[in-house]
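Enquirer: Structural data only, the sequence is not supplied:
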């Protein structure tokens, strides 16, 4: 971990020492030792979801004598009379909840949840230029690159086992000039005689994409290379969900990204995979994972409580309905969705009234499908529902939606004027890009000078019906200042993620982003939204 990330923790511990948990989890404390209660819930999975909002505290969830469940951090050694000072420091420097309080834990009975281990045993980074050799027990792995064009190279991992080459993994898609990559030893398959070699390659961007390959040795002594999915962000999260010494691969269902809203407005459900021999098996729907799925659902609902607008966002509702379906709460979720969805979303799914695919359909033959109708088909196509007739939809097309009988307006503004609309919002685009990397809204007075735009803005599309302009521009963001800022705020998970990205991309990210500019009801103001990333 970098010094920037550790510094705020050192400051806090210098004031109040964290005593750590005993092996037996002694919950009732004495002397100057205290727990910090971060949240309290009547349901253990809701308490676990609340605890996951504060993972930098390494929380646990305990059951109390009154039947409630508390997410707690500690224990901490706090000198007499310093309790208020300690809590104020936790709230200010590490963003603990404002209603956090101290307790001796006299009513705590047992620990019911703790943050899952990852079972990552070792890690090695490759900068895309200088070969790295990584050794662990009988395995030697060379991280290198192979030229795929005059300018770009593919990331390569060559594995040697007991002196003989055992496997080679290579990412041929999306090569780059410096194909930085990473290899980790992780225990994923309990039936293998040794940990698995997980090879990942990130091809830059605010949130896309990480490719994964896994080398696994079976009981007969044969090596297998398994292709993982191409996922947004850092890719798979490794969780020892049941504390058995091996991890499952947890990810977001990327099919939901941009399906009904922008990336930032999409809230996909999770998927869980297990490595078995030479296969990654989707085990999401197996009964033993219901508690993990409930925790994910409750996390989604916690984010919705922070913003009532989420309950009218189709991107949120799509993922929330899917998550609810996975835990047997789909009927109630569908009813709530019907009563609250956005009827006028710009991300409406289109259908061609002829037999042509939508990408070849003339504009005057396209209709926009109502969100419930499109969502039902989407959920059926992706395996979340089997019997679509169970879920009522009021209509296929919103009553106010234009049809092929209402052709687009021919009152089109000049090309130069629309391009100027793209350029006029460059400062706001920089701000939105910064917020995307930060994972939060920008603070008052916070600088986003680390983001710069090149002078290559282009006009992608124009919708004369709504006067919405779609633009694209190349940006570059220097990551280190933001890493330091997030670390100071106590957002260590985000800071560590960006630090890894910084190492993979030599300190900065440069790629192309699409965005829209749309007039609002207030004269002279526009609404700007980032869309999906385009190719560098």
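Expert: Arrived safely. No experiment lies behind these values; they were computed from the predicted model shown.

Enquirer: how's this protein carved up into domains?
Expert: Here the domain parsing of the chain from automatic domain parsing is 3-114, 120-252, 304-390, 415-534.

Enquirer: Tell me where the model's unsure across this structure.
Expert: 1-25, 205-208, 400-414, 521-524, 532-536 (pLDDT under 70).

Enquirer: quick revisit: can you put the domains of the chain in CSV and add distance to residue 294 and mean neighbour count?
Expert: Every residue, glycine included, has its C-beta placed from N, CA and C. Putting the domains of the chain into CSV (distance: least, Cβ to Cβ, whole Å; neighbours: other Cβ atoms under 10 Å) gives the following:
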stretch, distance to residue 294, mean neighbour count
domain 3-114, 4, 17
domain 120-252, 13, 18
domain 304-390, 5, 17
domain 415-534, 21, 17
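
Enquirer: how about these in JSON lines, adding distance to residue 260?
Expert: Listed next are the domains of the chain as JSON lines, based on distance: least, Cβ to Cβ, whole Å:
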{"stretch": "domain 3-114", "distance to residue 260": "23"}
{"stretch": "domain 120-252", "distance to residue 260": "14"}
{"stretch": "domain 304-390", "distance to residue 260": "4"}
{"stretch": "domain 415-534", "distance to residue 260": "13"}
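
Enquirer: so which of those comes closest to residue 265?
Expert: Of all the domains of the chain, it is domain 304-390 that lies closest to residue 265, at 3.8 Å by Cβ to Cβ.

Enquirer: And the closest one, end to end?
Expert: Across its full length, domain 304-390 reaches 26 Å between end residues, using Cα to Cα, to the nearest Å.

Enquirer: now swap in stretch 299-315 and tell me
Expert: 15 Å.

Enquirer: Same check on stretch 376-388?
Expert: Length of stretch 376-388, first residue to last, Cα to Cα: 7 Å.

Enquirer: of the domains of the chain, which approaches residue 298 most closely?
Expert: Each of those was checked against residue 298 via Cβ to Cβ, and the shortest separation belongs to domain 3-114, namely 3.6 Å.

Enquirer: re earlier: out of the domains of the chain, which comes closest to residue 280?
Expert: Taking Cβ to Cβ as the criterion, residue 280 comes closest to domain 120-252 out of the domains of the chain, the separation being 5.8 Å.

Enquirer: can you map out the strands along the stretch 151-300 of the chain?
Expert: Per DSSP state E, counting those that start in this stretch, the stretch 151-300 of the chain has strands spanning 153-161, 164-176, 181-186, 196-202, 208-217, 223-227, 231-232, 237-239, 248-252, 270-276, 279-282. These are given in chain order.

Enquirer: Please state the offset of the last one from the chain centre?
Expert: Right, strand 279-282. Once both centres are worked out by Cα atoms, centre = their mean, to the nearest Å, strand 279-282 turns out to sit 21 Å from its chain's centre.

Enquirer: Direction included, what does it pair up with?
Expert: Partner strands for strand 279-282, per DSSP bridges, with pairing direction: strand 270-276 (antiparallel).

Enquirer: Okay, and the beta partners of residue 475?
Expert: When bridges are assigned using DSSP bridges, the partners listed for residue 475 are residue 453, residue 511.

Enquirer: Just list the residues touching it, thanks.
Expert: Shown in contact with residue 475 (Cβ atoms under 8 Å, 6 or more residues apart in numbering): 429, 430, 433, 451, 452, 453, 454, 510, 511, 512, 513.

Enquirer: how close does the residue lying closest to the third one once chain neighbours are set aside sit to residue 258?
Expert: Computed as Cβ to Cβ, 6 or more residues apart in numbering, the closest residue to residue 433 that is not its neighbour in sequence is residue 451, at 5.1 Å. Spatial separation of residue 451 from residue 258 under the definition Cβ to Cβ, to the nearest Å is 22 Å.

Enquirer: What of residue 214?
Expert: On the measure of Cβ to Cβ, residue 214 and residue 258 end up 27 Å apart.

Enquirer: Give me the phi and psi for the residue nearest to residue 433.
Expert: Backbone torsions for residue 451, taken as degrees, to the nearest 10, come to phi -100, psi 130.

Enquirer: correct me, but it touches residue 434?
Expert: Yes. A contact is recorded between residue 451 and residue 434 when judged using Cβ atoms under 8 Å, the distance being 5.0 Å.

Enquirer: got the contact list for the closest residue to residue 94 other than its chain neighbours?
Expert: With Cβ to Cβ, 6+ apart as the criterion, residue 94 has its nearest non-adjacent residue at 3.7 Å, and that residue is residue 490. Applying Cβ under 8 Å, 6+ apart, one finds that residue 490 lies in contact with 8, 56, 93, 94, 95.

Enquirer: Which member of those is positioned nearest residue 278?
Expert: Within the contacts of residue 490, distances to residue 278 taken as Cβ to Cβ reach their minimum at residue 56, with 36.9 Å.

Enquirer: Verify the contact between the closest one and residue 90 for me.
Expert: No. Checked against Cβ under 8 Å, the pair residue 56 and residue 90 is beyond contact range at 10.8 Å.

Enquirer: Closest to the centroid, which residue in the chain?
Expert: Centroid-nearest residue in the chain: residue 233, 6.0 Å away (criterion: Cα atoms, centre = their mean).

Enquirer: Check the gap between it and residue 263 for me.
Expert: Distance, residue 233 to residue 263, by Cβ to Cβ: 10 Å.

Enquirer: Same question for residue 95.
Expert: Using Cβ to Cβ, one gets 24 Å for the distance from residue 95 to residue 263.

Enquirer: Also residue 491?
Expert: Distance of residue 491 to residue 263, computed by Cβ to Cβ: 19 Å.

Enquirer: cool, and residue 65?
Expert: Applying Cβ to Cβ, one obtains 45 Å for the distance of residue 65 from residue 263.

Enquirer: Contact partners for residue 132?
Expert: Counting by Cβ under 8 Å, 6+ apart, residue 132 touches 124, 125, 126, 142, 143, 144.

Enquirer: and those residues, which of them are in strands?
Expert: When the contacts of residue 132 are checked against strands (DSSP state E), the matches are 124, 125, 126, 142, 143, 144.

Enquirer: and the residue nearest to the first one when sequence neighbours are not counted, bridged to which residues?
Expert: Spatial nearest neighbour of residue 124, excluding adjacent residues (Cβ to Cβ, 6+ apart): residue 134 at 3.9 Å. Listed beta-bridge partners, residue 134: residue 141 (assigned using DSSP bridges).

Enquirer: Confirm for me that residue 134 is in contact with residue 141.
Expert: Yes. In this structure, residue 134 is within contact of residue 141 by Cβ under 8 Å, at 4.5 Å.

Enquirer: anything in contact with each of the two?
Expert: Both residue 134 and residue 141 are contacted by 124, 183, under the criterion Cβ under 8 Å, 6+ apart.

Enquirer: backbone phi and psi for residue 467, please?
Expert: For residue 467, the backbone dihedrals (degrees, to the nearest 10) come out as phi 60, psi 30.

Enquirer: show me what contacts the closest residue to it other than its chain neighbours?
Expert: The shortest distance from residue 467 to any residue that is not its chain neighbour, by Cβ to Cβ, 6+ apart, is 5.3 Å, and that residue is residue 519. Residue 519 makes contacts with 467, 525, 526, 527, as judged by Cβ under 8 Å, 6+ apart.
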